[in-house]
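Visitor: Just the structure for this:
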Amino acid sequence: MDELEKKLEIYRRETFRLAQERRLKDEEEAVAFVRERGFIFFWPIKGVLFPSLWAAVAGNRPVADAHDDPGHITWGWKDNLLGKRRWYYAKILRGKATIIDLEMAPVFYALSENYGEPEVDYLQLYEDGLLSQPARLIYETLLREGAMDTVHLRQAIHMTRRSSDSAFARGLTELQREFRILPVGIAKAGGWNYSFIYEAVHRHFPQLPEQARGIGRGEARQILARRYFEAVGAATEGEMRKLFQWKPVDVRRTLERLQEAGCIVALPGDTAGQTRYVLPQLSSGG
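Guide: Here you go, the predicted model:
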């Protein structure tokens with residue numbers, strides 16, 4: 001292991017809260033951790049190096065299936081905080097469960113396709129082929145009926161058959177990624193007596209569109225990328241793209257801006273595309 005790798009291991013052990021003495025013990029510490037990092041995954045995502053609530057409680061290990069595993073306390077925290085506006089929880093990054101500090105939510109929102117009136121502009125996206133039919137049905141039902149759990153939502157849009165499972169799930173994720181809907185509670189419905197209740201984002205967080213209005217897309221990417229590097233310490237262009245799924249040109253432009261601002265330093269690799277971008281204090285010259 002070279003010197004940089006040793007520095008990164010020590011750095012991430014702190015920022016990911018992997019050390020036993022630094023792990024989270026209750027909801028308040030969890031909220032503080034999200035505020036500290038800006039945004040995290042709910043649980044570890046295979047192939048993506050980034051902090052998660054699970055790892056900050058259970059350590060650097062796979063998510064356990066056993067219900068008595070200590071790490072499963074995170075499910076209780078997440079469910080209890082739904083709808084309480086302590087953080088923003090939805091499937092965002094890579095379509096996976098993401099927890100975002102409320103101060104960072106407008107930055108993410110600024111990168112969405114929400115340009116105008118939330119109860120109208122989705123129709124243009126649908127006409128342009130940028131919104132699926134299941135997503136439109138789900139969104140229109142929530143706009144018309146108000147918050148609803150997934151069991152009754154499926155009934156309302158006539159997608160109750162097992163063959164509709166995938167399309168319905170994709171529609172929910174699509175709307176969450178675009179900051180159209182989010183889970184705000186749990187209902188005792190369905191076979192497991194456990195079902196997310198969804199609501200329109202602009203009704204649950206009515207101030208969010210206005211908070212995001214003055215944030216440009218380039219600025220938003222720079223803010224998110226900077227918080228990303230503050231969490232992981234170093235990354236390649238490919239690793240950054242894997243998390244955010246931005247266009248290559250946007251990733252490169254963001255990296256250039258961060259270098260110009262002195263936020264990261266480029267360390268060329270042995271092969272093309274392997275340049276690592278590192279926080280100055282962790283680079284060989286830092």
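
Visitor: okay, CA-based contacts and neighbour counts for the rest of this
Guide: Fine.

Visitor: measure stretch 95-109 end to end?
Guide: Length of stretch 95-109, first residue to last, C-alpha to C-alpha, to the nearest Å: 15 Å.

Visitor: So for it, what gets flagged as buried?
Guide: 95-102, 104-109 (16 or more other C-alpha atoms under 10 Å).

Visitor: Sort out for me which of those residues are in strands.
Guide: Applying DSSP state E to these, the entries found in strands are 97-100.

Visitor: Now do the buried residues in whichever strand or helix holds P209.
Guide: In this structure, P209 sits in helix 208-212 according to DSSP states H and E. Neighbour counts using 16+ other C-alpha under 10 Å place 208-209, 212 of helix 208-212 among the buried residues.

Visitor: Convert it to PDB, retaining C-alpha atoms only.
Guide: Presented in PDB, the C-alpha positions along helix 208-212 are these (Å, rounded to 0.1, in the frame of the first residue of the first chain):
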ATOM      1  CA  LEU A 208     -37.800  23.900  -2.100                       C
ATOM      2  CA  PRO A 209     -38.500  25.200  -5.700                       C
ATOM      3  CA  GLU A 210     -37.900  28.800  -4.700                       C
ATOM      4  CA  GLN A 211     -34.800  27.900  -2.700                       C
ATOM      5  CA  ALA A 212     -33.300  26.200  -5.800                       C
END
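
Visitor: Need the contact partners of it.
Guide: With contact meaning C-alpha atoms under 8 Å, 6 or more residues apart in numbering, helix 208-212 is reached by 105-107, 109-110, 202.

Visitor: cutoff 10 Å now
Guide: Helix 208-212 is touched from outside by 102-112, 114-118, 179, 201-202, 220, with contacts defined as C-alpha atoms under 10 Å, 6 or more residues apart in numbering.

Visitor: Closest to the geometric centre of this protein, which residue is that? Let me know.
Guide: T98 (3.2 Å; C-alpha atoms, centre = their mean).

Visitor: How about that residue, nearest residue that isn't a chain neighbour?
Guide: Spatial nearest neighbour of T98, excluding adjacent residues (C-alpha to C-alpha, 6 or more residues apart in numbering): F41 at 4.5 Å.
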